[in-house]
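**Student:** Sequence and predicted structure below; questions after.
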Amino acid sequence: MAEQATFYERIGGQTAVTTLAHQFYDVMQRDSIARDVLEMHPDDLTRSRKRLANYLCEWFGGPKLFGQPYVNPDWLKRRHQHLSIGVDARDQWMHCMTTAMRELNYDLQLQQDLTKVFFELAGFMRTRV
């Protein structure tokens, strides 16, 4: 039985994952619907872009660029605990990610599979109702 490909492999490796992270932030900066979630970030998104790319690489099954203890969703939630993340912020974040995947022409099955795991993670990150 063949082993299931990781998201990292399905996306196309490190360069493709980095492109997704950058596209995600491009959408966030461009689309007014994401204004609230953009305000939760620093003005200079250089570090945020790199950290998201590194996180996604590791979370998707690629190289350990972020740091194993930090890929844990519990650590990630604690790291964002100071922010007021509710349903609106979750939905804005999801808008940015699903738009980025669509704009990068991910195949429909990959978009659906990633949307599911991203929605679970984004929902877990909520700090308020």
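**Tutor:** Yep, that arrived.
**Student:** Please enumerate the strands of the protein.
**Tutor:** Taking DSSP state E as the criterion, the chain contains no strands.
**Student:** just checking, Ile33 touches His95?
**Tutor:** Yes: using CB atoms under 8 Å, Ile33 is in contact with His95, at 5.7 Å. C-betas here are computed from N, CA, C, even on glycine.
**Student:** how many neighbours does Pro42 have?
**Tutor:** Neighbours of Pro42 under the rule other CB atoms under 10 Å: 8.
**Student:** now do His22
**Tutor:** 17.
**Student:** what do you get for Arg10?
**Tutor:** So Arg10, with other CB under 10 Å, has 18 neighbours.
**Student:** Ala21 too?
**Tutor:** Count around Ala21 with other CB under 10 Å applied: 21.
**Student:** And for Asp107?
**Tutor:** 10.
**Student:** For it, give me the pLDDT.
**Tutor:** For Asp107, the model assigns a pLDDT of 96.
**Student:** swap in Arg128?
**Tutor:** Arg128 is given a pLDDT of 79.
**Student:** So it sits against Gly86, correct?
**Tutor:** Yes: proximity of Arg128 to Gly86 meets the contact threshold set by CB under 8 Å, at 4.7 Å.
**Student:** Would you state the helices of this structure in chain order?
**Tutor:** With DSSP state H, the ranges of helices along the chain come out as 7-11, 14-30, 35-39, 46-59, 68-71, 73-79, 87-103, 108-124.
**Student:** got the contact list for stretch 8-26?
**Tutor:** Among residues not part of stretch 8-26, those counted as contacts by CB atoms under 8 Å, 6 or more residues apart in numbering are 45, 48-50, 52-53, 56-57, 60-63, 96-97, 100-101, 103-104, 106, 110, 113.
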